[in-house]
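S.K.: 3D, please:
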Amino acid sequence: MVLNSDKTLIEPFSRYTIYLFLIGIPAYSLFYISDYLAYHKFALQIFFVRASVTLFLFILLYLAKRVQLKYMWAIAFAAVLSTSTSITAICMITGEGFNSLYYMGIIQVIVASTLLIQLMFKEYVALLVLVNFQYFFLLRFLPYAPVNLVRNATALFFTSIISLIIHVLINSLIAENNDLQDFLPICMYCKKVKNESGNWDKMEAYFEANTTIMFSQGLCPECLEEYKAGINSETAEQHACRKNSEVEP
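M.R.: Reported below is the predicted structural model:
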């Protein structure tokens, strides 16, 4: 396995996660049954929302297996925000706004994001803020009972905090697991590193190609002393040779 500085960023679309996505996307679509039973009058509009987001999620899943690791956060953001915004849209279509029990759907999206994607801490906080912001910003234009607003805000706030804690714990376990499993093949003699292609690269070239690390040249104190000693010795030899050449007739 090649060492990658983005490995701590996200590894969301592993085989395990893809299986969960393949289960989660149809499950999201099947919620249309409850939509139809609860809001038969708006069945067509809600179906359009569910179908559009389902198609979009499959497109994202297709892209997730083909884009570079450093762009995975964008795929994760798009998946979570599109799903949560669709739930907000359903609340707007029905006209119930904060009075609708569909705020539970936002909770499910937040929990799913915790289990399915592993973003860096700041990025996950930003994602939670965006999910909650779009919900409260869009629905504030509809009439609502204050008690329902307080209920929804309280539930989403505590869900976000708990999800954030769980997300940090999961990332810590993943990082610890990577530290235990990742081995970097290195030549014990020349210190070259073996890459995924089986070729041996200089250590500096390997890390610059696979991480964001840039190397700078310098000397440690011990090598500096050896370097100075070598220069002094070389200078002394050159001086001796020059003196001998002057003495010779």
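S.K.: domain map for this structure?
M.R.: Split into domains by automatic domain parsing, the chain comes to 5-181, 185-217, 223-249.
S.K.: winner for burial among those domains?
M.R.: Sort those by mean neighbour count, taking mean count of other Cβ atoms under 10 Å, and domain 5-181 sits at the top with a mean of 16. C-beta coordinates here come from the backbone N, C-alpha and C atoms, glycine included.
S.K.: rewinding a little: turn the domains of the chain into CSV, columns for mean pLDDT.
M.R.: Below are those laid out as CSV (pLDDT from 0 to 100):
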stretch, mean pLDDT
domain 5-181, 83
domain 185-217, 79
domain 223-249, 62
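S.K.: surely H167 touches Q118?
M.R.: Yes - if you go by Cβ atoms under 8 Å, H167 and Q118 touch, sitting 7.4 Å apart.
S.K.: so L142 makes contact with M92?
M.R.: Yes - judged on Cβ under 8 Å, L142 makes contact with M92 at a distance of 6.6 Å.
S.K.: from N171, how far off is F157?
M.R.: Plainly put, F157 is 22 Å away from N171 if you go by Cβ to Cβ, to the nearest Å.
S.K.: and after the lengthiest helix in the chain, which helix or strand comes next?
M.R.: Longest helix in the chain, counting residues (DSSP state H): helix 146-181. Next in sequence after helix 146-181, counting helices and strands by DSSP states H and E, comes strand 193-194.
S.K.: please identify the helix or strand for A74.
M.R.: Element membership for A74 (DSSP H and E) is helix 72-94.
S.K.: ok, then the element right after that helix?
M.R.: Per DSSP H and E, helix 72-94 leads on to helix 103-116 as the next helix or strand towards the C-terminus.
S.K.: what angle separates the next helix or strand along the chain from that following helix from helix 103-116?
M.R.: On the C-terminal side of helix 103-116, the nearest following helix or strand under DSSP H and E is helix 121-139. Here the directions of helix 121-139 and helix 103-116 differ by 160 degrees (axes from the mean of the first three to the mean of the last three Cα atoms, to 10 degrees).
S.K.: for L169, see how far away A51 is.
M.R.: 36 Å.
S.K.: again with L44
M.R.: Distance of L44 to L169, computed by Cβ to Cβ: 43 Å.
S.K.: over to Y103?
M.R.: Distance of Y103 to L169, computed by Cβ to Cβ: 25 Å.
S.K.: swap in V109?
M.R.: Separation of V109 from L169 (Cβ to Cβ): 20 Å.
S.K.: do F158 as well
M.R.: F158 sits 17 Å away from L169, taking Cβ to Cβ as the criterion.
S.K.: repeat that for V67.
M.R.: When V67 is compared with L169 (using Cβ to Cβ), they lie 27 Å apart.
S.K.: swap in A74?
M.R.: A74 sits 25 Å away from L169, going by Cβ to Cβ.
S.K.: likewise for A145?
M.R.: A145 sits 36 Å away from L169, going by Cβ to Cβ.
S.K.: then I161?
M.R.: Separation of I161 from L169 (Cβ to Cβ): 13 Å.
S.K.: do the same with L63
M.R.: If you go by Cβ to Cβ, the gap between L63 and L169 works out to 28 Å.
S.K.: over to M214?
M.R.: Distance from M214 to L169, counting by Cβ to Cβ: 32 Å.
S.K.: got it, and S82?
M.R.: S82 is 26 Å from L169, by Cβ to Cβ.
S.K.: list the residues that contact the residue lying closest to C187 once chain neighbours are set aside.
M.R.: Leaving aside its chain neighbours, C187 sits nearest to W200 (6.6 Å; criterion: Cβ to Cβ, 6 or more residues apart in numbering). Neighbour list for W200: 187, 192-194 [criterion: Cβ atoms under 8 Å, 6 or more residues apart in numbering].
S.K.: can you name the residues bridging to W200?
M.R.: Assessed by DSSP bridges, W200 has beta-bridge partners K194.
S.K.: distance check, W200 against K192.
M.R.: For W200, the distance to K192 - Cβ to Cβ - is 4 Å.
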